[in-house]
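# Below is the sequence, then the predicted model.
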Amino acid sequence: MTKRRPRSLSADEEALWERIAKQTDPLHPKRKTAPAKTPTTPKPQPEPSKNGAPVPPFRLGEKRTDTAPRHDFAPSIGESLAGAPINMDRKKHARMTRGKLKPEGKIDLHGMTLAQAHPALTRFLFDSHARDRRLVLVITGKGRDRDDDGPIPQRRGILKHQVPHWLNTAPLNSVVLQVSEAHLKHGGTGAYYVYLRRRR
């Protein structure tokens, strides 16, 4: 089967087409017709260096000196707490973070499991709130290094990372006003200052 060639218009048909085209209004009068495509020119090749010698092959970043892996994008607990809004008196907060305020009570969760620590912390904080204590110390420990992280690496110190979450969620957030990492003389990064709300 042979392919049929497209038929060209006769002179009468072209005249008819021209007459009709003059009587019609264009749908989009402001639309410009696309310019005729110009033949593509090849991309310019990079020029040789000034002295005419070819540029030696190189790899991006091969001269970097800081090769330490940068994969931990999450801020540390201390940075998160330091960046949290201050809900208590600013002067008192500054004195507290410098270790100038003496805690009125403390609880040591070091060595407990999560299942043991949560109810113990809840009991201690509600009891301290009922006794009108304002500043208490919660000791979690810094955590120990594990020999094997397994396929999913875990942060050092499970309690250290879990306690701030407990303090900022119900039911404990109803009595907790501010949480901050303790000063070095009260345990440093292994403990938290917990400033309690006033009793109503």
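Happy to help now that I have it. Residues are numbered from 1 along each chain as shown.

# how far out from the middle of the chain is the one helix or strand R19 maps to?
Here R19, judged by DSSP states H and E, is contained in helix 11-23. Mean C-alpha position of helix 11-23 versus that of the full chain (CA atoms, centre = their mean, to the nearest Å) differs by 67 Å.

# quick one: contacts of that helix?
Residues outside helix 11-23 that contact it (CB atoms under 8 Å, 6 or more residues apart in numbering) are L9. The way it works is simple: take the backbone N, C-alpha and C, and place the C-beta from them, glycine included.

# I'd like the next helix or strand past that helix.
Next along the chain after helix 11-23, taking DSSP H and E as the criterion, comes helix 77-82.

# in that following helix, what counts as buried?
If you call a residue buried by 16 or more other CB atoms under 10 Å, then helix 77-82 has these buried ones: 77, 81.

# same deal with stretch 90-108?
Of the residues in stretch 90-108, 92-93, 96-97, 101, 103, 105-107 count as buried by neighbour count, 16+ other CB under 10 Å.

# In strands, which of these fall?
105-107 (DSSP state E).

# Rebuild those as a markdown table, extending it with distance to H161 and pLDDT.
A markdown table is the format used below for these (distance: CB to CB, whole Å; pLDDT from 0 to 100):
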| residue | distance to H161 | pLDDT |
| --- | --- | --- |
| G105 | 23 | 96 |
| K106 | 20 | 96 |
| I107 | 17 | 97 |
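
# Now distance to G83 too, for those, in CSV please.
Output for these, formatted as CSV (distance: CB to CB, whole Å):
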residue, distance to G83
G105, 27
K106, 25
I107, 25
